[in-house]
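Asks: Need coordinates for the following:
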Amino acid sequence: MAEGLAQVESTEGVNPALVSIEGGWQIGYLLEPLENGWVTVFVPQAPTPMSGNVMYLPVDRVRPLGIPMIQAMSIVKRMGVGSAKALRGADLTLPAGA
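Replies: The predicted structure is shown next:
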């Protein structure tokens, strides 16, 4: 697991994002774009930032978060503590149909 954590922390192109799920937002890791306006994201499960689910979602349900990966992982490890600072100024308006 430590090896996987180091890979995600240092991997370029993996970016923290907000992911719209079930009428709210979760921190996720935006992995890569797919065809036809979809993206691959990893949604971690607190308090273990490397345990979670790979999801394929329409791009309108994912918003780049603009924080370093280490900060996003810290928020997950701390079960949401630190979110206020990370989300300051973020658009939390839910996508249509969410």
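
Asks: Tell me which residue is most central in this structure.
Replies: Geometric centre of the chain, nearest residue: G28, 1.5 Å, by Cα atoms, centre = their mean.

Asks: mind listing what it touches?
Replies: 16-19, 41-44, 55, 62 (Cβ atoms under 8 Å, 6 or more residues apart in numbering). All C-beta spots, glycine's among them, are computed from the backbone N, C-alpha and C.

Asks: so where does it fall, helix or strand?
Replies: strand 24-33 (DSSP states H and E).

Asks: Can you show me the helices along the protein?
Replies: Taking DSSP state H as the test, the helices found in the chain are 2-10, 69-77, 83-87.

Asks: Show me where this protein dips below the pLDDT cut-off.
Replies: Applying pLDDT under 70 to the chain picks out residues 1-11, 98.

Asks: so what's E32 closest to, chain neighbours aside?
Replies: T40 (5.0 Å; Cβ to Cβ, 6 or more residues apart in numbering).

Asks: tell me the contacts of that neighbour?
Replies: Contacts of T40 (Cβ under 8 Å, 6+ apart): 30-34, 54-56.

Asks: let's go with 6 Å and repeat that
Replies: 31-32, 56 (Cβ atoms under 6 Å, 6 or more residues apart in numbering).

Asks: What distance do you get for it to A84?
Replies: 28 Å (Cβ to Cβ, to the nearest Å).

Asks: same question, P16
Replies: In terms of Cβ to Cβ, P16 sits 15 Å off from A84.

Asks: Which one's more surrounded, these two?
Replies: The neighbour comparison of P16 against A84 (other Cβ atoms under 10 Å) goes to P16, with 21 against 8.

Asks: Chain neighbours aside, what residue packs nearest to the more buried one?
Replies: A72 (3.5 Å).

Asks: I'm done for today, thanks for sticking with me.
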